[in-house]
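S.K.: quick one, what's the 3D model for this:
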Amino acid sequence: MQYGEVTEELYQFSEVPFTSDDIEMANYYTSAHPDSIFRRTLTIQRVTAAERLILRPAVITRYRNGVRTDTPIEPAQIRRYARELFGVDLGDTPLLFEEV
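M.R.: All right, here's what the predicted structure looks like:
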């Protein structure tokens, strides 16, 4: 089952100069700040010559030739897809998005 085929840009380039401090701050925010989406949920990504593949608790997103395709999944299937698509074993302990 799939829904939502949308063409979209994945990257944006600018003539504005960035310093190494700018990059360090952005990286620190995404990895350490409590409000960062990367601290609140699971995201596994892989990029190959053919596609960008993203696994999140409720959806698998594929970008091929600039077209995005979202395939909904049940959160209970996340461990199976992590293993099958990425070779990642998430173990049996509760994941952040599973803890309430």
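S.K.: for the chain, what spans make up the helices?
M.R.: 20-32, 37-40, 78-86 (DSSP state H).
S.K.: any chance of those helices in a markdown table, plus mean pLDDT and mean neighbour count?
M.R.: In short, each C-beta sits where N, CA and C put it, glycine included. Below are these laid out as a markdown table (pLDDT from 0 to 100; neighbours: other CB atoms under 10 Å):
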| stretch | mean pLDDT | mean neighbour count |
| --- | --- | --- |
| helix 20-32 | 89 | 10 |
| helix 37-40 | 80 | 12 |
| helix 78-86 | 96 | 15 |
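S.K.: those helices into JSON lines, with extra columns for distance to N65?
M.R.: JSON lines is the format used below for these (distance: least, CB to CB, whole Å):
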{"stretch": "helix 20-32", "distance to N65": "27"}
{"stretch": "helix 37-40", "distance to N65": "26"}
{"stretch": "helix 78-86", "distance to N65": "19"}
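S.K.: give me the residue at the spatial middle of the chain.
M.R.: For the chain, T43 is the residue whose C-alpha lies nearest the centre (CA atoms, centre = their mean; 3.9 Å).
S.K.: hey, which helix or strand in the protein has the poorest pLDDT?
M.R.: strand 3-7 (a mean of 52; mean pLDDT, DSSP states H and E).
S.K.: one step back: so which of the helices of the chain is nearest L96?
M.R.: helix 37-40 (6.4 Å; CB to CB).
S.K.: that closest one - contacts with which helices or strands?
M.R.: helix 20-32 (3 or more CB pairs under 8 Å, 6 or more residues apart in numbering; DSSP states H and E).
S.K.: got a list of contacts for the helix it packs on?
M.R.: 36, 38-39 (CB atoms under 8 Å, 6 or more residues apart in numbering).
S.K.: you'd agree L85 is up against L53?
M.R.: Yes. In this structure, L85 is within contact of L53 by CB atoms under 8 Å, at 6.4 Å.
S.K.: which residues do those two both contact?
M.R.: Shared contacts of L85 and L53 (CB under 8 Å, 6+ apart): 46, 60.
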